[in-house]
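J.: here you go, sequence then predicted model.
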Amino acid sequence: MRNYFKKIIIPLFILIFSAASAQNISQLDFIHSLDSKTAATYGDAVKLFAAETGGKPDNFTAESAFLNEKGIALNYTEDAPLTRGMAALMTSKYLNLKGSFMYRIFKSERYAYRACAADSLMPGDASELDRLSGPELLELMSLISDKKGE
Amino acid sequence: MKTIKIAISLSFLLLFSTSLFAEIKAVSVKGTVAYRDGRNWVPLKVNQVLKEGSRISTGANSSAEIRLNRLNHTVTVKPLSMIQVFSKESATSTDTHIGLKRGGVNARVPRDSNVKTVFKVSTPVATSSVRGTEENIGYGPGTGMTVEVVSGEIEGKNRLGKSNNISGRQKFTQEKGKGKPGHILGDVKDKSFASVYGQGLTPDELETALFTGTDQTGSPDGDTSVIDNLAGSGGGDATTIIEITWP
């Protein structure tokens, strides 16, 4: 019995613990690499929104499916460059923003950006067509997190 | 004699060492939080003591509360943030510097009149100095540095030395690449329920003035004349009751 405990249970615990730690650190590794990216992708936004909404999936397909269930996912490929409008539409859907009358009618990226600007989540003097950098995407996610915690 | 010398030397060494290092300790950890140990990021645990200059990084939906010295100066690191912590203390002073690379922190600095306190949070664009207060500080490439005072008073100073002292609902903002900080009441103005233009005119009054070509507020029944009458011909203080009718 003691042998069984030593040979199976203890290594199993170590394996589970180290896998959990590795998973945690891998999320931070992703964030640190995103922090130095000059152009974020739709896949980056999907990964962060999935983590923000409490999802545990670890690949784009599973994360997209998870966000689709929540009504946040958009119809883009993983490597599509992320624009301010795309990020704004995901944000507006997630936070259920109502700051723009036109967004409530059209639910488009253009008016989602206006709704985000009205809520001080994005600068008012930008365009929905601007491409977002990694640090800008992280900043947006921080503001979303703050807003969600209000 | 030799024993006394050793005892004195040890006492000095002990005194010197306590004046240099404050205990930086993780009080609570939620979600994915790690600190940098050499070249590696290591998960942060509750009650873990960190070295001077430690870097702490938080993931999505994650946060950590760090106690910085014996006076219970604490900082809560918000999600998706990265900070570096420096903290020193002696019997009569504390000296804490936090470098905020991105994200946000909530800093709580209880006042102790017997201890000289230096508590600074620096970002790439500005620095805030705190004494006996609580504040929320954020930094990102788009919004720059923002400091909201929860209680007490702080000084925000940008890299060019331009500073603002703020308290209450005021907000210190410093955008990247701008020479001076934003208006301290800019946030309140953005959230106000009524717009006021030059000379205290509301949008309706301004529209009327543009239509008629005259300023109606200066007429005998206008707003300013009411206040003039209350104050009397010699001027002075006046009390007026304002009824706000919601549309």
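T.: In hand now; what should we look at? Numbering: from 1, shown residues only, chains lettered A, B, ... in the order given.
J.: now name the helix or strand holding residue 86.
T.: I went with chain A, as the question did not name one. helix A:84-95 (DSSP states H and E).
J.: the intended chain is chain B.
T.: Using DSSP H and E, B:F86 falls in strand B:82-89.
J.: what sits up against that strand?
T.: Contact with strand B:82-89 is made by A:35, B:18-22, B:24, B:50, B:52-58, B:66, B:68-71, B:73, B:75, B:77, B:94-103, B:105, as judged by CB atoms under 8 Å, 6 or more residues apart in numbering or on different chains. All C-beta atoms are positioned from the backbone trio N, CA, C, and that covers glycine.
J.: re the thing from before, average pLDDT for the helix or strand following the helix holding A:M86, rounded please.
T.: Sequence order places helix A:101-106 as the next helix or strand after helix A:84-95, per DSSP H and E. Helix A:101-106 comes out with an average pLDDT of 82.
J.: list only buried entries from the contacts of strand B:82-89.
T.: Among these, the ones that count as buried by 16 or more other CB atoms under 10 Å in any protein chain shown are A:35, B:22, B:24, B:50, B:54-58, B:66, B:68-69, B:71, B:73, B:75, B:77, B:94-103, B:105.
J.: got phi/psi on the residue of chain B found nearest chain A?
T.: Nearest residue of chain B to chain A, counting by CB to the nearest CB: B:G140, 3.0 Å away. The phi and psi values for B:G140, taken as degrees, to the nearest 10, are phi -150, psi 160.
J.: what's near enough to touch the closest residue to it other than its chain neighbours?
T.: Once flanking residues are discounted, B:G140 sits nearest to A:E139: 3.0 Å by CB to CB, 6 or more residues apart in numbering or on different chains. By CB under 8 Å, 6+ apart, A:E139 lies in contact with B:102, B:140-143.
J.: okay, now the unreliable bits of chain B?
T.: Residue ranges of chain B with pLDDT under 70: B:1-20, B:131-132, B:187-205, B:213-235, B:245-247.
J.: for it, what lies in contact range of chain A?
T.: Residues of chain B that fall close to chain A, judged by CB under 8 Å from any CB of the partner chain: B:32, B:34, B:41, B:43, B:57, B:59-61, B:78-82, B:102-104, B:138, B:140-143, B:190.
J.: so B:S128 touches B:E135, yeah?
T.: Yes - B:S128 is within contact range of B:E135, at 6.8 Å (criterion: CB atoms under 8 Å).
J.: which residues do the two both contact?
T.: Common neighbours of B:S128 and B:E135 (CB under 8 Å, 6+ apart) are B:121, B:147, B:154.
J.: which outside residues touch the one helix or strand the second one maps to?
T.: Yep, that's B:V147 we're talking about. Element membership of B:V147 [criterion: DSSP H and E] is strand B:144-158. With contact meaning CB under 8 Å, 6+ apart, strand B:144-158 is reached by B:100, B:106, B:109, B:111, B:121, B:123, B:125-139, B:163-168, B:170-176, B:178-181, B:187.
J.: quickly list what B:K88 is bridged to.
T.: B:D95 (DSSP bridges).
J.: who does the strand holding B:V147 pair with, and is each partner parallel or antiparallel?
T.: Going by DSSP bridges, the partners of strand B:144-158 are strand B:126-140 (antiparallel), strand B:163-167 (antiparallel), strand B:171-174 (antiparallel).
J.: how about those in JSON lines, adding distance to A:F101 and mean neighbour count?
T.: As requested, the strands paired with strand B:144-158 are arranged in JSON lines below (distance: least, CB to CB, whole Å; neighbours: other CB atoms under 10 Å in any protein chain shown):
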{"stretch": "strand B:126-140", "distance to A:F101": "28", "mean neighbour count": "22"}
{"stretch": "strand B:163-167", "distance to A:F101": "34", "mean neighbour count": "17"}
{"stretch": "strand B:171-174", "distance to A:F101": "27", "mean neighbour count": "25"}
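J.: want to throw the ones you listed into TSV with distance to B:E207?
T.: Formatted as TSV, the strands paired with strand B:144-158 follow (distance: least, CB to CB, whole Å):
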stretch	distance to B:E207
strand B:126-140	38
strand B:163-167	34
strand B:171-174	30
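J.: A:T41: which of those is closest?
T.: Nearest of those to A:T41, taken as CB to CB: strand B:126-140 at 19.1 Å.
J.: the inter-axis angle of that closest one versus strand B:82-89?
T.: 150 degrees (axes from the mean of the first three to the mean of the last three CA atoms, to 10 degrees).
J.: export strand B:126-140 to CSV, keeping only CA atoms.
T.: Included here for strand B:126-140 are C-alpha records, laid out as CSV according to Å, rounded to 0.1, in the frame of the first residue of the first chain:
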residue,chain,number,x,y,z
ALA,B,126,4.6,60.8,-14.9
THR,B,127,4.9,60.1,-11.2
SER,B,128,2.3,60.4,-8.3
SER,B,129,3.4,61.2,-4.7
VAL,B,130,1.1,60.2,-1.9
ARG,B,131,0.8,61.0,1.7
GLY,B,132,-2.0,59.5,3.9
THR,B,133,-4.4,58.6,1.1
GLU,B,134,-5.8,56.0,-1.2
GLU,B,135,-5.6,56.2,-4.9
ASN,B,136,-6.2,54.3,-8.1
ILE,B,137,-3.5,54.6,-10.7
GLY,B,138,-3.6,53.3,-14.3
TYR,B,139,-1.3,53.4,-17.3
GLY,B,140,-1.6,52.5,-20.9
